[in-house]
Every structure is written in C-alpha cells, then in structure tokens.
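Student: how does the following fold in three dimensions:
(chains A and B)
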Protein chains: 2
Amino acid sequence: MSEYVAPLRDMQFVLKELAGIDQVAQLPGYEDASVDLIDAVLDEAAKFAGGVLSPLNIPGDREGAKWSANDGKPGVTMPAGFKEAYKLFAESGWTGLQSDPEWGGQGLPKVVGAAVTEMWKSANHAFSLCPLLTGGAAEALSLCGSETLQQTYLEKMAAGVWTGTMNLTEPQAGSDLSAIRSRAEPQADGSYKIFGQKIFITYGDHDMAENIVHLVLARTPTAPEGVKGISMFVVPKFLVNADGSLGERNDAWCVSIEHKLGIHASPTAVMAFGDNGGAIGHLVGEENRGLEYMFIMMNAARFGVGLEGVAACERAYQRARDYARDRVQCVETGVRGGPKVPIIRHPDVRRMLMTMRAYAEATRALAYVVGAAHDVATRHPDVALRRRNQAFVDLMIPVVKGWSTETGIQVASIGVQVHGGMGFIEETGAAQYLRDARISAIYEGTTGIQANDLIGRKMAREGGATLKALIEEMRALDADLAQAAGEHFAAIHRRFGEGLEALATAGQWIVDTYGPDVRAASAGAVPFLMLVGIVTGGWQMARAALIAQAKIKAGETDPFYQDKIITARFFADNILVQAQGLADSITDGAASVMALAEDRF
Amino acid sequence: MSEYVAPLRDMQFVLKELAGIDQVAQLPGYEDASVDLIDAVLDEAAKFAGGVLSPLNIPGDREGAKWSANDGKPGVTMPAGFKEAYKLFAESGWTGLQSDPEWGGQGLPKVVGAAVTEMWKSANHAFSLCPLLTGGAAEALSLCGSETLQQTYLEKMAAGVWTGTMNLTEPQAGSDLSAIRSRAEPQADGSYKIFGQKIFITYGDHDMAENIVHLVLARTPTAPEGVKGISMFVVPKFLVNADGSLGERNDAWCVSIEHKLGIHASPTAVMAFGDNGGAIGHLVGEENRGLEYMFIMMNAARFGVGLEGVAACERAYQRARDYARDRVQCVETGVRGGPKVPIIRHPDVRRMLMTMRAYAEATRALAYVVGAAHDVATRHPDVALRRRNQAFVDLMIPVVKGWSTETGIQVASIGVQVHGGMGFIEETGAAQYLRDARISAIYEGTTGIQANDLIGRKMAREGGATLKALIEEMRALDADLAQAAGEHFAAIHRRFGEGLEALATAGQWIVDTYGPDVRAASAGAVPFLMLVGIVTGGWQMARAALIAQAKIKAGETDPFYQDKIITARFFADNILVQAQGLADSITDGAASVMALAEDRF
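Tutor: The predicted structure is shown next:
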C-alpha cells in the first residue's frame, strides 16, 4: 500500500518562483519566517503527513467515526489511531502554525499554511477537517470576539487542546442562511441560552480533544427577519470556568451522525442545542452581525477547501502513477510480439497521468499564489498594494474553491480509471479519493454558490474592474511567451492567448448582462468560474514554464525544469483548449438554460 | 423515496421517429413485432422496472450480496427480495425477450431490447447485470455451440431458469487476454477438465437460479501462446444429465466476492475451477477460437453496458429533478424580498438539470439508433444495406459504450451536486448512482480500450471509410437545419456544423497518423471517442428537433415537441461547443502526452 509522499520539489518551486515567498517572508510580522525555516517546516510536515496521517487514511475510512447513545450522554468515538495522531499533531505545533504568537501560535504566512494544509488533505482528508474548522473558528474569534472570549479560547485552540466548529446549517436552511431559526435568549448575567438544531456539523463531536468550541448562528428575540437578524455565539461543549479550567457539560449534544459517501472518519453531526434547558452561549461581537463574522471563517474555510481539490489531484495522481508503473499488461503500442510492458507506457494511460499531473500542478500554483496575495493584502505597509492584492484574493477565492474542487473530483475519477477493474475495488484505495473528494465541491458553498459570488459580488458590483486588471496582468506575459523558443512555448503562447481572449469576451458579457438579465448571467456562472480557473491556472503554468526555461538557460540541470515545460505545454494543448467552448456556453448557452417550462422537466 | 418512472414518451419518440421501429418491425423474423405489441411490451417493462426493481435498488445496495464459506460449499446469498424479483422477472418472460423463439424466446428486435434494458438498468443497475450476462452467454452458445450444447442450455437460459456468466479475467490478465493461464485437459469422453482462477466474474455465484452456465476461457495442452491459443468452454455449476435434469455439483466454486465502490447487490466473484479434481467443461465450437467467440458476447455486452450510461443519466436526472422541485431555498434570482422558491427556479440548478436531460436524451437516441441498425444489419434482405448497417454498428459500439458511460458518470455526479449537502448523504440515494455508474466505463473494456478499438479496428484498418460515410450522412442534415426557422435552429445549425468540421478534421488526422505514429494517434483516442459521441449525439438531437418542428407545423400540440427543440438547442450551445477543444487536443495534444520520461512521473 503506497503512502503519500509530499511533492516537496514542486511545492518549493511554486512557493519560491511563483508565489514569491521571499517577499512574503519580508512582510512585517513574518520576519522570522526565513526561507530556511519554511523549508524545515515543509520537511517536517511531509514526514508527519506521510508517516502518521497517510497510514490512517484507509483504516479510518473503513472503520468510520462511530456515534453512540452512551446512556443519555451521546457522542462520537473516532476510528482507532485518530486520537493518538491528533495528540501528536497538536503537540508538534501543527494546530498553531498560522495562529498569532500572542496565543502561542507560530504566526507563519498563509501561503506556508497552504502548502502544509495541502499535505494534511492529501494524506488524510477526513482528519484534516478538524484543524481546518478549528482554525476558522479561532480566526473569527480573534477578529470579532471580545478580549474575554479571546483570552478564554484562543490559546487552547492554537494549542489544539480544544477544537472548533461552525454551526450554520439547519434542515430548512442549507445554502439559504436567511432561513435560520435557532434562538438565543438573553440571560441576566449577559450570557444567552441557545435553542435549536443544526445539521452537517463537521467534527461536531469527537473524542480527540478536551473541549469543542462551537460557533453557532442564532436569532435573538428582537432580531429582524432574514440574514440581518443573525448573531454569532460561542457555545462550548464544556463550560469554561473563570480560571480556564473545564466546568459543567453544556446542553449541546451530538444526537446522530450522517452515513456519507466519503470522509467516513470525519463525523458529520446533527447537533441539538438546548433540549435540556438551554445551551449556555456568549455573543461574539455585536448582535445581528453574525453573518458577517461567519464569512470571515467561511472565506478562510473556502480557501482551505480549495486546497482539498489540489490535494485530491496530487494524491490520486501518486497512487495511479505507482499502479501504472507496477501493472504489466499488453505489449507496447505499435510493437508486435514484444514483451509485455507496464501500463504507464500505453498512450492512453500516459494521457490520463499527464492530465492528473497537470491539474495538480496548476491548481496548486494558483492556490499558493492566492495565498501569498492574502499575506501581502494583510501585512504589506503599502496600502495601495494591500488593496490590489485583497481585490485579487476576493476575486480568486471562489475560483480556488470551485475550480480546484471540481477538478479534484474529475482527477480522482481518472485515478480510478487508470486502475481499471482494480479501481472499483475498495481495497485498492483509489475509489476512496473519489468518494472523499466529492464533498469538496459541496460544503462551504457549492460550486454554484461560488460562481454566483464570483460574478456578482466579485465582478458585477465593481464593473469587472479586478478581472480586467487581472487580464491585463496576464496579457503582459505575451511578449515573453512569444519570444521563448521551441514548439512547447509556441503551443503555450497560442493556447494561453486564445484562453485569455475567451476569458475577456466572456467576462465582459457577464458584466454587461448581470444588470439587465441576472438570470442569464447566473446560468453561465459555473462555466465562467471554470473558465477563470483554467485560464488563471494556465497563466501560472505559463509563468512556471518561462521560469524553468530561464533556469535551464542559466545552466541548471535539474530535470524538474524540463518536466515543468512539458507539463505546461500539456496543460495548454489539452486543457486550455477548452476555453472557447466554455466561453461559447456562457455567452450563448443561457438562452436554452431557462427556456424549458418548470413543469416540463 | 421517489421510484423510477420509465421515460416512455421519449423512448417511443426515439424508437418511432429516430430509430425507425416501423421498418425494423417489417424485417424478416420480426413480423410479429407490431408497433402496438412493442408499445405494450414497453408499458409492461415500465411497470416491472418501477414497481419491482426500483424499490429493491437502495436496499440491495445497503445489504449487498453476501458470501459465506458454508461448510466447504462456499457461495453467495443475494440481498432480500432479489430472488423473488428474479423469479417474477423470468416468469414474466423478460429473460427471453430477445431470445430465439426456437428456444422459447420472444425474438423481439435488439432496438426494443435496448429500451427495455435501459429500464432495468435505470431501476436497478446491480440486478440488471444478471440477465445481461445470461443473454450474452446464450448468444455465444447459439452462434458457436454445438447442437447438443444448444439443446442442453438455450431453453433454460431463455426461460431464466439458468443464468450465464463470462469468465475471462485472471489476476495477471485483465485487459490483456493473451496472458490467460487457465488450463483445459481433454478427457477420454470428449469433455475437458478445467483448472484455474478467474476474477471479476459478475454473478459468478448467486441463489436466484437453479444453475449457472459459466463460459470459461482456457488453454488446451497443445494451444499456441497468446490470444490464438484460447478456447471457450461451458462449465455449468451443476452438471446436466442427459435428460436435462441437474446432476452433480461441478468443481467450480465462488471462493470470495469483492468489496466494491458500487453495484453492491451484484456479486463480483473470484471463481476457482478445478481445485478439487477438475471442473468438467465442454468445448464451445472449435479449439483456439475462444477469443473470437468471446467477442460475440463482448459486443452484445458492450452495447448493453453503453445502455447503463443512458440509464444512469435518466435515473440521476429524475431524482435530481424531483429534489429540485421540492427543495425550497432562497428567493428567486434577481428578486428582492420575494418568497423563497424551489431550487429548480435557480439558473445554476436549471443548467445542471438541462445538462442531465440533454445527455440522457442524446445518449438514448444514439444507442437506440445503433440498436436498430444492428437489427437491419442482421435481418434485412438487401446485402448491401446489411453491410452498410453492420459497418455503422461496428464503428459505433465503442462510442455507445465509451461515451455513454463516461457521460453517465458525469451526469450522476451532477445529480449529487443538485442535492447539495444531501447529495453526499447515502440515504438520499443520489450518491449510489454515482458509485454504481462508475463501473460502466471500466468493465467490458475500459474507455481507453473502446477508443483504441474505434481508431484502430474500426477506422484505421479501412482508412476511415465508414466514418467518412457517416460524416457525409450527417452533413446531409445541413440544408434542413439551415432552412428551419427561429433562433433555436440557428444555434443548432451553427454548432452542429462546427462539430462536424471538428470531427472531420480530427478523424482525418487519426486516420493519417495511425500508420506512421500509432502512439500519437492512441494518445488522442479517448478525446476522439468523446468527440464522436457528442457530434453523433448532437446529430440525433438535431434530427429530433427537425422532426419535432415538423410535428408542430402539422398541428401537433403535445408540448413534448417544443421541449425537444429546446433540449436540442441546449445540447448545441452547451455540449456541442466542446467539439473544437476536443479536436485541438487530439491533433495537437499528443506531442506532450508522451514527452515526459517514464521515470519522471
């Protein structure tokens, strides 16, 4: 059974050459994050991912998280090994990697966190969700919570002793948070009693940590209707005494967990708040601003989920490649009577592996570049530069989330295909990646929700200004690509140029159409998100190829660089070529999307 | 829980208007198959599929087929209800629908069998495999077996009292049948003793029928190496006495079954032949011609598996549509403060549903048209017409198999997405379609194998003559499309024309490249198969739209016709637009597919 091996060479290339880790490391607050330190962090993370998390991935899927009624104190038991792995994970400092040093964290840049998170997610998607949610909850508290709340919770969360959750969804309120009905009744002591049921709560209960910090959306008695009447509350599993020690069990219980297609080791809880008198909670920030705060968590979580797409591509690629090297079937194509060869020699298998590899590299490059832009947007002293980077990050978060995860599903499915019949057998392991990856395009906002965020809030609201600036920035690569020698660059130049034009046309159409016919614009939103993904992914691959060529010219002999050029060319000729078709379905496809009468489906 | 409802209206439209069932019903031997009779057959099949098979689909998945050691007589127990359902299925005459009346079958045309098979597969994919394999085995026996073998087996198989299997795969010989090692030792009485292990044997054991007729590939002692030394043997589970009664248990045992991603109710057996002295078998046809005979079964099975793609599209569409009608979330796009609406009103959901619907209709139309061509090729008195139809069928079988099943996976995945978080919960049922559909692109030859069959045996070997004739036939639609009024037809005309040109270019490139650089041609084989699929699927949709328009002009008021035009236009603007991108990756993509050194993956 082949374990995950972190693709350190490509990660370091992307961090250094594409994401500008040197510049990030010079930002105020990141001075201690030297490139040497970052290399060391990645090495250690790679060891932990491959050595501790990856071996638990298949057993965790098979055993799954288990719920039991437990004599009226219902709760979740994690699969064998998860508790110990989590303890080691926390003790090794991984939970606090990006947390503020004030709370005991290491305060490393987001782009470094991205690389490390990708490793956790490749090695063990189900496990990775616990620290992902904890980090999001801590970020919301650190930005919106009172000093008391921060003092109470943040150190423990950075240390991983306590974990966190996001409690948004209710049965009648999935993507539509305006329909939330959970109630919060103010108490004399300034606390609230929370009543309501939440579903789909990732790591809503488990036995890996001493306490669980639930951030819960609910309505106060005086709250207005809709999304403007939602407040956020901290509702810990165990109440916290003034001295920080754990007090009574709170009235917040996991009453069941879901039977899911994948991520079996990640407990997806139905949470009951207040069935026995009321769960004690404390308001985070101001009343009725809960949605705004939740989006702080949500944006961090969306980026993290986007990395699941990258991680699925990489992990599925590694297993398929290993199988294709070992499995001997048929003679070489075009050879009669020769010896049988490993299937990696067969052109169709090679095409599948190249597709997987190209997507892994492109989604990774794009995600890390966006992560680095987040660091610049947060820390750079130059306000104009901060703003420009923030606008880029805002535009790209739905793309990193939506495109990478849709791609991850596709690549995991190709991984099954490379294995042939063995891919359909669960023991092989390839099918689990497909089952696990399938959720990433759904939670933290489906691809449709990401796409509507992209074309609405991120584009139409500003007349497409950030997208246009991005297109101009991408066009600036044209001269270098035109000058670069060889057929690989000729292909990259041509296909990237065509992709850019398709994107420019479709983007303008979206901006022009959104006002007069928002339904038509929305009909093309997902194809548009996918188009932005492949063109910006192609942009990073083109940048990578140019840098690789410069390295080769400068005398570097690492074959990594030639591989990168080949993979970029594959991306151009086999993936970027889809751009015009996507653009056509955006600009022309909407008419028939809405034409059929609703009762005629 | 919504049960499957057969799409009779569309099935009848395709049969009558596109597949020419009237002409098929006039072929020699099909004279009894009047259109009225066929309508009645479809009605009854629809009732059986919706009323008996569909309700067993989710329970069958959950319980799964179970293997037990059973005190040295290992075997498989089917999930609750399957045995009774199969008995009813056989007694109702469904097993013998296409079988020769000589053996008690009803001898209905393949195109009618296609529609009925689609229903079984939509309603219960796992169940449907048992009759599919039985039909294939019976077809091989009826074409290649001695009269004694036919007398012994065919009546029982047509009646469904006995079922059949195909025993090809061995652990070291998956797609590569030349590596088969199972042995057949001739005995004094003319029988053989069979020794060897087979894997991935669908319905290799079960408790639904009195006997199981295994067709087994093995080598005789004097057989040459490779595929030219493979013979086919009948190895029944229970030996058959001269009077047709069942005799001793044969030495053919199911020693375990696989734990799979999907089709849990379909037992995938590891079969051990001869571990206790030798399994008694009889040679089918002549020695060393087993592969040829197996391809008779295989081609029928490939067509049947292609119908699984159609069926997956339809079933996933129905469930997603029902959910989208029921699930109320968010206000209408572009409306502020209005009531919350069912998600079917949201443009992105509508796009997903239209995609699912368009693919279901296009894959169905193509498959039935190929089925009808098979009937003409088999039965028409005009030899030239028979030949032309056979060439078309041979060309299209890999497309029906490969394109429909890849599409089925994609559509089942979209179905999960329509459900949002509920789609990931197994109880919802949408995820099962994705798990079940995933196998169809693998068994009976992966998509890669179909694609190589398409470009090699079906195109390069004859210089692309049949494909060129098909393109000419498709081009003949141009005038009618150009004349048809309205923007729907303008779009269909344009996109179908572009698709045809892309296909013509890519097809010529494949034919030209196959000889000088077969690896480059093979690198583009799967994209080419997908291109043939969407263009020929688009052709059927365009034909359907023209016919629908003629019906409307003639005063027909059934809204079905306007829906068909809209769906055809959706197919054109949202699916056919991918044609050029596929063509580009065929003609330009190969260079980078094989460029990376094998040890650099």
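
Student: quick one: residues contacting A:Asn69.
Tutor: No Asn there; residue A:69 is Ala. With contacts defined as CB atoms under 8 Å, 6 or more residues apart in numbering or on different chains, A:Ala69 is in contact with no residue. C-betas here are computed from N, CA, C, even on glycine.

Student: if we use 10 Å, what do you get?
Tutor: Residues touching A:Ala69, when contacts are defined by CB atoms under 10 Å, 6 or more residues apart in numbering or on different chains, comprise A:Gly75, A:Val255, A:Ser256.

Student: likewise A:Ile343?
Tutor: Contacts for A:Ile343 (CB under 10 Å, 6+ apart) come out as A:323-330, A:349-350, A:352-353, A:418-420, B:174-176, B:448.

Student: so which other helices or strands are in contact with whichever strand in chain A runs longest?
Tutor: Taking residue count as the measure and DSSP state E as the definition, the longest strand of chain A comes out as strand A:192-202. If you count contacts as 3 or more CB pairs under 10 Å, 6 or more residues apart in numbering or on different chains; DSSP states H and E, strand A:192-202 packs onto helix A:125-144, strand A:162-167, strand A:183-186, strand A:211-218, strand A:231-236, strand A:252-257, strand A:268-273, strand A:279-284.

Student: hmm, 6 Å instead?
Tutor: Under the contact criterion of 3 or more CB pairs under 6 Å, 6 or more residues apart in numbering or on different chains; DSSP states H and E, the helices and strands touching strand A:192-202 comprise strand A:162-167, strand A:183-186, strand A:231-236, strand A:268-273, strand A:279-284.

Student: neighbouring strands - and their directions - for the last one?
Tutor: Paired with strand A:279-284 in the same sheet, following DSSP bridges, are strand A:192-202 (antiparallel), strand A:231-236 (antiparallel).

Student: I'd like the next helix or strand past that strand.
Tutor: Per DSSP states H and E, strand A:279-284 leads on to helix A:290-326 as the next helix or strand towards the C-terminus.

Student: related to what we said a few turns ago, keep only those of the contacts of A:Ile343 that are in helices.
Tutor: Helix and strand membership here follows DSSP state H; of the contacts of A:Ile343, those in helices are A:Tyr323, A:Ala324, A:Arg325, A:Asp326, A:Val349, A:Arg350, A:Met352, A:Leu353, A:Val418, B:Gly448.

Student: and the fourth one, how many residues sit next to it?
Tutor: I take that to be A:Asp326. For A:Asp326, the number of neighbouring residues by other CB atoms under 10 Å in any protein chain shown comes to 11.

Student: about what we covered before: now do the longest strand of chain A, average pLDDT.
Tutor: Per-residue pLDDT over strand A:192-202 has a mean of 97.

Student: am I right that A:His374 is in a helix?
Tutor: Yes. Note on A:His374: a helix contains this position according to DSSP: H, G, I helix; E, B strand; the rest coil.

Student: just list the residues touching it, thanks.
Tutor: Counting by CB atoms under 6 Å, 6 or more residues apart in numbering or on different chains, A:His374 makes contact with A:Lys110, A:Val393.

Student: same thing with A:Ala373?
Tutor: Contacts here follow CB under 6 Å, 6+ apart; on that basis A:Ala373 touches A:Asn389, A:Phe392, A:Val393.

Student: who wins on neighbours among the residues you listed?
Tutor: The most crowded member of the contacts of A:Ala373 is A:Val393, carrying 24 neighbours; neighbours defined as other CB under 10 Å.

Student: show me the shaky parts of the stretch 151-300 of chain A.
Tutor: Under the criterion of pLDDT under 70, none of the stretch 151-300 of chain A is flagged as low confidence.

Student: what residues does it put near chain B?
Tutor: Taking CB under 6 Å from any CB of the partner chain, the part of the stretch 151-300 of chain A that reaches chain B is made up of A:Gly174, A:Ser175, A:Asp176, A:Phe200, A:Glu258, A:His259, A:Lys260, A:Leu261.

Student: list buried residues within those.
Tutor: For those, burial is judged from neighbour counts taken by 16 or more other CB atoms under 10 Å in any protein chain shown, and it is met by A:Gly174, A:Ser175, A:Asp176, A:Phe200, A:Glu258, A:Lys260, A:Leu261.

Student: the nearest residue to A:Gly190 once chain neighbours are set aside and chain B, how far apart?
Tutor: For A:Gly190, ignoring the flanking residues on the chain, the nearest one in space by CB to CB, 6 or more residues apart in numbering or on different chains is A:His282 at 7.8 Å. Separation of A:His282 from chain B (CB to the nearest CB, to the nearest Å) stands at 28 Å.

Student: by proximity to chain B, which residue of the stretch 101-250 of chain A wins?
Tutor: Across the stretch 101-250 of chain A, the shortest distance to chain B (CB to the nearest CB) belongs to A:Asp176, at 4.3 Å.
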